[in-house]
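Undergrad: build me a model:
(4 chains)
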There are 2 protein chains.
Amino acid sequence: MQKHQQAIRERKKREKDQRIQSILAAAKQVFFSKGYLKTTMDEIALEAQISKPTIYQYFKTKDELYSSLMLPFLEEFGRQFERIEKKLTDRKYTSGNDLVKDLFNIFIRSYETAPDSLRVAHTFFQHQDLINELNPDTRAAISDRGKYDFELARRVLQAAITQGLLRDIDSFALSDILWGLFVGITQVMDMKATKHDQERKYLKSTLSLAEKLIIDAIVLK
Amino acid sequence: MQKHQQAIRERKKREKDQRIQSILAAAKQVFFSKGYLKTTMDEIALEAQISKPTIYQYFKTKDELYSSLMLPFLEEFGRQFERIEKKLTDRKYTSGNDLVKDLFNIFIRSYETAPDSLRVAHTFFQHQDLINELNPDTRAAISDRGKYDFELARRVLQAAITQGLLRDIDSFALSDILWGLFVGITQVMDMKATKHDQERKYLKSTLSLAEKLIIDAIVLK
DNA sequence: AGTTAAATTAACTAATAGTAAATTTATATT
DNA sequence: AATATAAATTTACTATTAGTTAATTTAACT
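TA: As a prediction, the model looks like this:
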């Protein structure tokens, strides 16, 4: 009976995926409450209610487990850029103003809904040496996805320039500047922040000012 | 003989400072070639041609040693801001344009002369949990210095606004934006960079574009 | 020359990332 | 239903390395 075996294989895959998800959930919980350095694999195993070697069944190293938390974040970023790209090709933007606001909202919302993931992204930017040590599959997945997002963002900016929404600025450099601006501001804020809502409000007003300045600087009027 | 004892105490202090400097030099060398995680204290000791416990005589932990590398960088930053503040109070600036260029140059030069120190600064922004574990003296020194630099930068911006060189923008937020912009851009560039001079030239042109955009956005015309 | 204090080190402990081998669990076969 | 096989899991281990202790060396002082 082929069908039966097929069904079993499917269930097994499901269970495997579930186990991976539960490990990721536990890892997220522990990493984000204690920080990368002070987190131990035993503690993650305890949180996931399994033994340590089981984690190593699915993730080759601590670094790889940590980095894996980043992928969903990068993917979500990509989806948002794709949404904006579609809106652009559909000629839905009548002013560069709205476009810049949409771009900033990607970042702002990502910070609001998943500030943790953003912290992982910071690691991505900083610990390049760590990334290089990952197993090739994970590294490729993360690195490729990162490059894809970068390129996507650049393409969106270039399209906006071509449509006359933004001033004629080198889109590669502009993409780096916007990306850096957001990463940098959230990082500087993170450093000052003390988890109070007050601080988060302050971040929002700072980002909102940055948005105004960028609109002044790059929108074609 | 009081004089003799005094002289000996002075030499001892000198020797102690020298030892600290040689440890810092060795640490710098190893940390920056291998990254924080893959650097061992034994390796630093070997590089400094002393034994490991001697390092612990002067630095309480690995984190503290790493963080100590940052202080000279923060101090240099402060000196640069003080220079610009003096220029401002002496009414040497006739346009906001020149001021912004001077500010950007602080960052650009710091990256050119000591890109390594900047990488330590990135850690500072990211591993806040690490900073919190430092011994109180070191933490206070670094944290105070960081706050001082931030405040100094803000004061410079506020003075420039008061003098009518820059548009009337909240100086706290603006300071965070500029600081974040630079940290973020260098980080994004660092990620892409592969140590080729070509990349460094690209960073410079990107920063130069960022400078133009910021001038457009904040200089009063 | 002998005493004391400080700096240095050899030899250690504790913690933890990662692994190997044994065990359990679940599936397939007779 | 009993047995064989394969996969997942765990117990018990190794290796590395941050940090410490106690012994040793070095140098100042009497």
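Undergrad: the helix or strand containing A:Asn97 and chain B in contact?
TA: Assigned by DSSP states H and E, A:Asn97 belongs to helix A:96-113. No: using Cβ under 8 Å from any Cβ of the partner chain, we find that helix A:96-113 stays clear of chain B, coming within 11.2 Å at best. Yep, even glycine has a C-beta here, placed from its N, CA and C like the rest.
Undergrad: how far is that helix from where the chain is centred?
TA: 14 Å (Cα atoms, centre = their mean, to the nearest Å).
Undergrad: then stretch A:17-36?
TA: That offset, for stretch A:17-36, works out to 16 Å (Cα atoms, centre = their mean).
Undergrad: pull out the buried positions in it.
TA: A:Arg19, A:Ile23, A:Leu24, A:Ala26, A:Ala27, A:Lys28, A:Gln29, A:Val30, A:Phe31, A:Phe32, A:Gly35, A:Tyr36 (16 or more other Cβ atoms under 10 Å in any protein chain shown).
Undergrad: likewise for stretch A:57-64?
TA: So stretch A:57-64, judged by 16+ other Cβ under 10 Å, has buried residues A:Phe59, A:Lys62, A:Asp63, A:Glu64.
Undergrad: try stretch A:85-92
TA: Neighbour count says stretch A:85-92 has A:Glu85, A:Leu88 buried, by 16+ other Cβ under 10 Å.
Undergrad: counting contacts, what elements does the longest helix along chain A pack onto?
TA: Ranked by residue count and defined by DSSP state H, the top helix of chain A is helix A:2-34. Helix A:2-34 sits against helix A:41-47, helix A:52-58, helix A:62-68, helix A:115-126, with contacts defined as 3 or more Cβ pairs under 8 Å, 6 or more residues apart in numbering or on different chains; DSSP states H and E.
Undergrad: and chain A, what are its domains?
TA: Domain assignment for chain A, taken from automatic domain parsing, gives A:2-58, A:67-218.
Undergrad: most tightly surrounded among these?
TA: Stretch with highest mean neighbour count among the domains of chain A: domain A:67-218 (a mean of 18; mean count of other Cβ atoms under 10 Å in any protein chain shown).
Undergrad: hmm, it in reach of DNA strand D?
TA: No: figure legend: domain A:67-218 not in contact with DNA strand D (Cβ under 7 Å from any atom of the strand); closest approach 12.6 Å.
Undergrad: starting at the chain centroid, how far to that domain?
TA: With Cα atoms, centre = their mean, you get 8 Å for domain A:67-218.
Undergrad: output the lowest mean pLDDT helix or strand found in chain A.
TA: helix A:128-132 (a mean of 61; mean pLDDT, DSSP states H and E).
Undergrad: which other helices and strands does the next helix or strand after that one contact?
TA: Next helix or strand after helix A:128-132 toward the C-terminus (DSSP H and E): helix A:136-162. Applying 3+ Cβ pairs under 8 Å, 6+ apart, we find helix A:136-162 packed against helix A:62-68, helix A:71-89, helix A:96-113, helix A:128-132, helix A:171-192.
Undergrad: average model confidence for the third one?
TA: Just to be clear, that refers to helix A:96-113. For helix A:96-113, mean pLDDT is 91.
Undergrad: just the CA coordinates for that helix, please, in PDB.
TA: Taking C-alpha atoms only, helix A:96-113 is exported to PDB below (Å, rounded to 0.1, in the frame of the first residue of the first chain):
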ATOM      1  CA  GLY A  96       7.400  60.100  -3.700                       C
ATOM      2  CA  ASN A  97       6.100  61.200  -0.400                       C
ATOM      3  CA  ASP A  98       3.800  58.200   0.000                       C
ATOM      4  CA  LEU A  99       6.500  55.800  -1.200                       C
ATOM      5  CA  VAL A 100       9.000  56.900   1.400                       C
ATOM      6  CA  LYS A 101       6.400  56.700   4.000                       C
ATOM      7  CA  ASP A 102       5.600  53.100   3.000                       C
ATOM      8  CA  LEU A 103       9.300  52.200   3.100                       C
ATOM      9  CA  PHE A 104       9.700  53.700   6.500                       C
ATOM     10  CA  ASN A 105       6.600  51.800   7.700                       C
ATOM     11  CA  ILE A 106       8.200  48.500   6.800                       C
ATOM     12  CA  PHE A 107      11.000  49.200   9.200                       C
ATOM     13  CA  ILE A 108       8.800  50.800  11.900                       C
ATOM     14  CA  ARG A 109       6.300  47.900  11.800                       C
ATOM     15  CA  SER A 110       9.000  45.300  11.800                       C
ATOM     16  CA  TYR A 111      10.500  46.900  14.900                       C
ATOM     17  CA  GLU A 112       7.100  47.100  16.600                       C
ATOM     18  CA  THR A 113       5.900  43.600  15.900                       C
END
